[in-house]
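**Q** would you be able to build a 3D model of this:
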Amino acid sequence: MDIERIWTIRESSHRIQNPLTADKLAALGQALDLQPKASVLDLASGAGEMLCTWASAHGITGTGVDLSSVFTRKARARAAELNVAGQVTFVHGYASSYVADAPVDLAACIGATWIGDGVAGTTALLERSLRPGGLILIGEPYWRLDPPDQAAVEGCGASGKADFRSLPELLGHFGDLGFDVVEMVLADQDSWDRYQAAQWFNMRRWLDENPGDELAAEVRATLAAEPARYARYGREYLGWGVFALMRR
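**A** Residues are numbered from 1 along each chain as shown. As a prediction, the model looks like this:
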């Protein structure tokens, strides 16, 4: 039970495993007016930066669940570093089937709605852990510009244009599911750069240290092709944001 090794290589230096910067993540916490002792569930929590920094800044408590044993260990170490290990817990397990023992004030899935087979299924999963009147956070890609052809679609990591919505379509989809959108924080091209380009450095350092590894050829091919592909497609056409929702 673990994620593919390629992702532990690509994101080995990342504290935030999505295109939000530390400033944007902090701004999101401030915008949500998080109160001390508020309870948070973070499904697919990765290295735990959201829970740990919000516990430090706002006094929240929380649980993070992630399939990666590597990232779960990093999350626990980060909690200890920020002296919030008594406030947050990290579980190595399947986020797709996890439901909190008691209703939480905020339930989140930031950038991994595949755990519920899409936005609709993921919001339904999160609602199973949410108290009435609580907040849901969804992190999700969207088309920043309409991709002109299949090459652009695939260059953004999608198999078809229908894999993502435009921003207005995504906001409308939340409404169709019965939610009000009450806040959002969007990545920009600079924050995308920080997320993507750091992966290239991670891959290069890993290659220098592990030239004989069975994944070396795959990592080398990815590093050779990805910067130009990202500049041509992902940076131009793909957006990303975190959206706060409340049930109507």
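**Q** pLDDT wise, what is Glu4 at?
**A** Among the per-residue scores, Glu4 shows a pLDDT of 88.
**Q** ranges for the helices of this structure?
**A** 5-10, 22-31, 49-58, 69-81, 119-127, 150-155, 167-176, 189-209, 216-229, 235-237 (DSSP state H).
**Q** kindly reformat those as CSV containing mean neighbour count and distance to Glu183.
**A** Placement of C-beta: from N, CA and C, glycine included. Putting those into CSV (neighbours: other Cβ atoms under 10 Å; distance: least, Cβ to Cβ, whole Å) gives the following:
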stretch, mean neighbour count, distance to Glu183
helix 5-10, 18, 28
helix 22-31, 16, 5
helix 49-58, 23, 14
helix 69-81, 19, 24
helix 119-127, 19, 15
helix 150-155, 17, 29
helix 167-176, 15, 12
helix 189-209, 15, 17
helix 216-229, 14, 32
helix 235-237, 17, 25
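**Q** so which of those is nearest His92?
**A** helix 69-81 (4.3 Å; Cβ to Cβ).
**Q** can you give me the angle the closest one makes with helix 49-58?
**A** Here the directions of helix 69-81 and helix 49-58 differ by 10 degrees (axes from the mean of the first three to the mean of the last three Cα atoms, to 10 degrees).
**Q** please compute how far helix 69-81 lies from its chain's middle.
**A** Computed by Cα atoms, centre = their mean, to the nearest Å, the chain-centroid distance of helix 69-81 equals 16 Å.
**Q** so how far is the lengthiest strand in the chain from its chain's centroid?
**A** Ordering each strand of the chain by length in residues (DSSP state E) puts strand 130-143 first. Going by Cα atoms, centre = their mean, the spacing between the C-alpha centre of strand 130-143 and its chain's C-alpha centre is 12 Å.
**Q** what average pLDDT does it get?
**A** Average pLDDT, strand 130-143: 98.
**Q** show me the shaky parts of this structure.
**A** Low-confidence segments of the chain, defined by pLDDT under 70: 1.
**Q** separation between the residue in it sticking out farthest from the centre and Ser12?
**A** For the chain, the C-alpha lying farthest from the average C-alpha position belongs to Gly212; by Cα atoms, centre = their mean, that distance is 31.1 Å. Here Gly212 is placed at a distance of 18 Å from Ser12 (Cβ to Cβ, to the nearest Å).
**Q** what are the contacting residues of the longest strand of the chain?
**A** The list of residues contacting strand 130-143 from outside it, by Cβ atoms under 8 Å, 6 or more residues apart in numbering, reads 18, 32, 103-113, 119, 122-123, 126-127, 156, 161, 164-167, 169-170, 174, 179, 182, 237-247.
**Q** how about a cut-off of 6 Å?
**A** Applying Cβ atoms under 6 Å, 6 or more residues apart in numbering, the contact partners of strand 130-143 are 18, 103, 105-108, 110-111, 113, 123, 126, 164-167, 170, 238-240, 242-245.
**Q** which parts of it are buried?
**A** When neighbours are counted by 16 or more other Cβ atoms under 10 Å, the buried residues of strand 130-143 are found to be 130, 134-143.
**Q** angle of that strand against helix 22-31?
**A** Note on geometry: by the same axes, to 10 degrees, strand 130-143 and helix 22-31 are set 140 degrees apart in direction.
**Q** output strand 130-143 as PDB, nothing but the C-alphas.
**A** C-alpha atoms of strand 130-143 as PDB (Å, rounded to 0.1, in the frame of the first residue of the first chain):
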ATOM      1  CA  LEU A 130     -18.500  16.900   8.000                       C
ATOM      2  CA  ARG A 131     -20.700  18.500  10.700                       C
ATOM      3  CA  PRO A 132     -23.800  20.400   9.400                       C
ATOM      4  CA  GLY A 133     -22.800  23.800   8.300                       C
ATOM      5  CA  GLY A 134     -19.200  22.900   8.000                       C
ATOM      6  CA  LEU A 135     -16.700  23.800   5.200                       C
ATOM      7  CA  ILE A 136     -15.500  21.600   2.400                       C
ATOM      8  CA  LEU A 137     -12.200  22.400   0.600                       C
ATOM      9  CA  ILE A 138     -11.600  21.100  -2.900                       C
ATOM     10  CA  GLY A 139      -8.300  21.600  -4.800                       C
ATOM     11  CA  GLU A 140      -8.900  21.100  -8.500                       C
ATOM     12  CA  PRO A 141      -7.400  21.900 -12.000                       C
ATOM     13  CA  TYR A 142      -9.300  23.800 -14.600                       C
ATOM     14  CA  TRP A 143      -8.700  25.100 -18.100                       C
END
